[in-house]
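K.L.:
Have a look at this fold, sequence not included:
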Ligand code: MRU
């Protein structure tokens, strides 16, 4: 399989389409999925072809460029275009409820049309402005990844191991990563850091995606079932646990992939620091604590199946929350583009 450059082009605007690495095919095939209509993009987000809070935000931002482009192609008038944009914004916002970056990015792009007389300016000008805003969100995300990496790598020893959960690497962002970005930055700083990656049931983002991108970048990685994390911590194999987040509340409670909360409990039990790495766009000033974070419930079938095979007997039910909330008291610190923080967070972080 061909090696990717670094940072990876996870989402891009190409030939009037949103193109994204189809993460459902990894690690077997590296292919771009082409989204020519909003429905294609909504499906790609729901199916997790593009996933990870910052990457969803970037994809949704380009989604509004796509919405405007298609409205122009269809010859809609000013009001038709504005109406279409708002409807597509709502459709994209409804795809995944937990990652706050999604709504943050959509509203940031939408604000650009409002600044252009509610989108009544020359449609080509509006298109260019929407595209410029989406490009800025992408560029800023990569820059934030580098800044978070720089802040976080200072917490790591010269030689050591990081345990992570799900995929909070380049694939989950504009291309650099949050939790895994800290590892990349540590290695760029000359540190000998290797990674233990939880496989992350039920969709194996750790085994399929984190392991794939680390192998791709030449970073030593060992995959473990999340049930093995307690033993790895007890055996002293782990120096720090670092995960990403989909939404951080004002008090520091943080939603991330299901299985993160038990990892934080285990880290506390074994005296290993547990860090959340997340940019300002993941902090939600509107959520006072974790109880205000909506948790996405996904299809039972994801739990029933291992690849294409059904492994759970007919008649059994499944409970499949996609995320859990780690209470702030279990988080050692938050690695952000504005440094390593603890609550109360400054307004620059809570303002997005
Ligand atoms: O369901 P997913 O794969 O989108 O879940 C992703 C995660 O939980 C990530 O850890 C989170 O979005 C942070 S990504 C930098």
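P.N.:
Nice, I can see it. On a predicted model such as this, the values are computed, not experimentally measured, just so you know. Numbering: from 1, shown residues only.
K.L.:
Bridged to the residue in the stretch 251-352 of the chain that the ligand sits nearest to, which residues?
P.N.:
Taking Cβ to the nearest ligand atom, the ligand has its nearest neighbour within the stretch 251-352 of the chain at residue 257, 3.2 Å off. For the C-beta atoms, the positions are set from N, CA and C on the backbone; glycine is no exception. Beta bridges link residue 257 to residue 323, judged by DSSP bridges.
K.L.:
Test my guess that it contacts residue 325.
P.N.:
No: look at residue 257 against residue 325 with Cβ atoms under 8 Å: they stay out of range, at 11.4 Å.
K.L.:
more crowded one of the two?
P.N.:
residue 257 (28 against 24; other Cβ atoms under 10 Å).
K.L.:
Neighbours of the closest residue to residue 286 other than its chain neighbours, how many?
P.N.:
Once flanking residues are discounted, residue 286 sits nearest to residue 292: 7.4 Å by Cβ to Cβ, 6 or more residues apart in numbering. For residue 292, the neighbour count with other Cβ under 10 Å is 15.
K.L.:
residues contacting residue 292?
P.N.:
249, 284, 286 (Cβ atoms under 8 Å, 6 or more residues apart in numbering).
K.L.:
Kindly report the same for residue 17.
P.N.:
34-36, 66.
K.L.:
could the residues you listed go into CSV alongside secondary structure, neighbour count and distance to residue 314?
P.N.:
CSV is the format used below for the contacts of residue 17 (DSSP: H, G, I helix; E, B strand; the rest coil; neighbours: other Cβ atoms under 10 Å; distance: Cβ to Cβ, whole Å):
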residue, secondary structure, neighbour count, distance to residue 314
34, strand, 14, 37
35, strand, 24, 35
36, coil, 14, 38
66, helix, 24, 41
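K.L.:
Kindly indicate which of these lies nearest residue 130.
P.N.:
Residue 130 has its nearest neighbour among those in residue 66, at 9.4 Å by Cβ to Cβ.
K.L.:
pLDDT below threshold where in this protein?
P.N.:
1-3, 119, 352 (pLDDT under 70).
K.L.:
Which single residue in it comes nearest to the ligand?
P.N.:
For the chain, Cβ to the nearest ligand atom, closest residue to the ligand: residue 244, 2.7 Å.
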